[in-house]
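In: Quick one: sequence plus predicted model below, questions after.
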Amino acid sequence: MKITSIETAVLRIPTAPPIALDIPEQALVVATIRTDEGPEGLGYSLAFGGFGAEAIQTYLDTRLAPALLGADPLLVERHWEALYRLDRGLKRQGIAAYALSAVDIALWDIVGKVAGLPLYQLWGGYSDTIATYGSGGWGSYSIADLVGEAERYAALGCRYYKLKIHHPDPRVNRERVAAVRNALGPDIGIMVDVNQKLDVLGNIRQARLLEEFDLVWYEEPVLADDIAACADVARSINIPVATGENNYTRYEFRDLIERNAARYLMPDVCRANGYSETLKIGRLAAAHQVLVSPHVVHELSLHICGALPNGFLVEFIDWTPPDLFEELPACINGAFTVPQRPGHGMQITSAAYAKYRVS
């Protein structure tokens with residue numbers, strides 16, 4: 001079997017309120033890999049907020065795709081190593097990692113289709129049902145928006161909800177968390193997300209004001225590059241730290257683990273160089289009794305959690321319009337069933353290409 005073509009596209013998809021208050025659109029950078037024997041692979045990376053999508057597509061088209069034409073698509077690890085090392089002078093993060101992620105996801109989709117297995121089973125299979133948490137609570141939300149969204153996720157059976165704590169006054173953030181706790185009651189787990197907005201001392205002050213709420217985790221407290229500072233925060237507060245959505249390789253995650261910088265790791269399969277690297281990160285975490293809760297793209301992340309004994313929760317941001325995917329997994333009683341179709345099981349509709357594709 002040989003790769004005959006790699007077609008790419010950028011889809012720009014508007015979001016609906018209340019998410020649109022902070023994130024008015026999302027973008028998918030899509031790679032479709034075709035072969036001479038029929039099986040095709042779909043891969044995509046979510047450029048969150050739409051930023052940088054065209055740059056990711058350009059790198060994919062001009063550097064990665066030419067290196068794969070004529071190759072055997074089943075040799076995924078060989079291709080991953082070659083593409084990861086393709087441009088030694090370009091840092092293997094950001095644009096390069098997003099592009100490699102889309103390609104790697106598409107290659108694994110082909111492997112699953114050839115094997116006739118969903119990917120989580122191909123990788124060993126641990127669970128076909130994955131619990132989720134509702135995610136949102138953006139800084140532009142009013143208290144009413146915040147509580148309304150939290151209650152909508154709870155109505156879907158979600159036992160966890162995550163909100164942002166972006167206000168410069170930590171007391172205001174406490175009030176927002178308190179409003180959610182009062183609305184949801186004591187049986188729903190709450191997480192908070194700093195999104196790298198504070199330094200070590202700022203996080204210590206903020207976390208002290210939130211300890212009473214028995215939070216599940218305190219997410220991405222400092223700049224993702226500063227693993228030492230993240231470890232300082234983890235040692236200094238009484239809430240478990242989660243991080244990883246803006247870390248890209250097993251080497252960064254190794255450093256997070258060795259420094260005891262987080263109890264929950266959150267690799268993003270569209271940023272962490274695809275399924276190949278995300279699986280390595282997950283298994284490394286398992287060796288250290290650290291849980292993995294992948295960042296966004298739950299429809300792809302389900303296969304990661306389904307293959308790992310330390311997979312905890314997938315993140316559910318309910319932004320996807322009904323015309324984007326052929327069959328988007330449904331949240332039922334706070335959980336998703338991993339797609340049972342061969343490969344990752346996702347397919348973008350022809351209507352979505354017509355409606356959202358950037359020419």
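Out: Sure, I can see it. Predicted model, so just to flag it, every value in this text is computed and none were measured. Residues are numbered from 1 along each chain as shown.
In: Give me the phi and psi angles of the residue nearest to Y353 when sequence neighbours are not counted.
Out: Nearest residue to Y353 in three dimensions, chain neighbours excluded: A9, at 6.7 Å (Cβ to Cβ, 6 or more residues apart in numbering). From N, CA and C alone the C-beta is placed, and that goes for glycine too. Note on A9: its backbone torsions stand at phi -160, psi 150 [degrees, to the nearest 10].
In: okay, now R88: neighbour count?
Out: By the measure other Cβ atoms under 10 Å, the count of residues near R88 is 8.
In: what does I13 give?
Out: 18.
In: in what helix or strand does it lie?
Out: For I13, the element it lies in under DSSP states H and E is strand 3-14.
In: Now do the buried residues in stretch 37-46.
Out: P39, E40, G41, L42, G43, Y44, S45, L46 (16 or more other Cβ atoms under 10 Å).
In: Kindly report the same for stretch 185-200.
Out: I188, G189, I190, M191, V192, D193, V194, N195, Q196, K197, L198, V200.
In: Can you tell me which helices and strands the helix or strand following the strand holding I13 packs against?
Out: For strand 3-14, the following helix or strand on the C-terminal side (DSSP H and E) is strand 25-35. Other helices and strands packing on strand 25-35, by 3 or more Cβ pairs under 8 Å, 6 or more residues apart in numbering; DSSP states H and E, are strand 3-14, strand 41-47, helix 53-59, helix 94-115.
In: hmm, 10 Å instead?
Out: strand 3-14, strand 41-47, helix 53-59, helix 65-68, helix 94-115, helix 350-356 (3 or more Cβ pairs under 10 Å, 6 or more residues apart in numbering; DSSP states H and E).
In: which stretches of this protein form helices?
Out: 53-59, 65-68, 76-84, 94-115, 119-122, 143-155, 170-184, 200-210, 227-236, 250-258, 274-286, 298-307, 350-356 (DSSP state H).
In: picking up where we left off before, and the strand holding I13, what's its mean pLDDT?
Out: Across strand 3-14, the average pLDDT comes to 98.
In: Just the buried residues of it, please?
Out: I3, I6, T8, A9, V10, L11, R12, I13.
In: Which strand residues bridge the fourth one?
Out: So the one you mean is A9. On the basis of DSSP bridges, A9 is bridged to V30.
In: who's in contact with it?
Out: A9 makes contact with 28-32, 44, 53, 57, 348, 352-353, 356-359 under the criterion Cβ atoms under 10 Å, 6 or more residues apart in numbering.
In: And it, how far from A352?
Out: A9 sits at a distance of 10 Å from A352 (criterion: Cβ to Cβ, to the nearest Å).
In: re earlier: winner for burial among the helices of the chain?
Out: Comparing these by mean neighbour count (mean count of other Cβ atoms under 10 Å), helix 298-307 ranks first with a mean of 27.
In: And that helix, what does it pack against?
Out: Here helix 298-307 touches strand 41-47, helix 94-115, helix 119-122, strand 129-135, helix 274-286, strand 291-292, strand 314-316, strand 335-337, going by 3+ Cβ pairs under 10 Å, 6+ apart.
In: And G274, how far from A71?
Out: G274 sits 16 Å away from A71, going by Cβ to Cβ.
In: Next: G139.
Out: 45 Å.
In: circling back: out of the helices and strands packed on strand 25-35, which is closest to E77?
Out: helix 94-115 (9.7 Å; Cβ to Cβ).
In: ok and that closest one relative to strand 25-35, angle-wise?
Out: In terms of direction (axes from the mean of the first three to the mean of the last three Cα atoms, to 10 degrees), helix 94-115 departs from strand 25-35 by 50 degrees.
In: How far does helix 94-115 sit from its chain's centre?
Out: Put simply, helix 94-115 sits 15 Å off its chain's centre (Cα atoms, centre = their mean, to the nearest Å).
In: Ok, stretch 61-81 next?
Out: 23 Å.
In: hang on, isn't K2 packed against G70?
Out: Yes. Contact criterion Cβ atoms under 10 Å: K2 and G70 qualify, at 5.6 Å.
In: what touches both of those two?
Out: D36.
In: Out of the helices and strands packed on helix 298-307, which is closest to A261?
Out: helix 274-286 (12.2 Å).
In: That closest one versus helix 94-115: what angle between them?
Out: Going by the same axes, to 10 degrees, helix 274-286 makes 90 degrees with helix 94-115.
In: Verify the stated contact: A261 with S236.
Out: No. Counting by Cβ under 10 Å, A261 stays clear of S236, with 11.6 Å between them.
In: Find residues that contact each of these two.
Out: P221.
In: Domain map for the protein?
Out: With domains defined by automatic domain parsing, the chain comprises 3-116+349-356, 121-337.
In: Would you reformat these as CSV and include distance to G343?
Out: Shown next, in CSV, are these (distance: least, Cβ to Cβ, whole Å):
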stretch, distance to G343
domain 3-116+349-356, 4
domain 121-337, 9
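In: Not including adjacent chain positions, what is the nearest residue to G112?
Out: G343 (3.5 Å).
In: Sorry, wrong one. I was asking about L119.
Out: With sequence-adjacent residues excluded and distances taken as Cβ to Cβ, 6+ apart, L119 is closest to H303, at 4.2 Å.
In: Tell me the spacing between the one you found and V358.
Out: 28 Å.
In: Surely R159 touches P186?
Out: No. R159 is not in contact with P186 according to Cβ under 10 Å; the separation is 11.8 Å.
In: who's in contact with the residue most central in space within the chain?
Out: Centroid-nearest residue in the chain: H295, 2.7 Å away (criterion: Cα atoms, centre = their mean). H295 sits next to 46, 48, 135, 219-220, 242-247, 265-272, 301, 314-315, 317 when contact means Cβ under 10 Å, 6+ apart.
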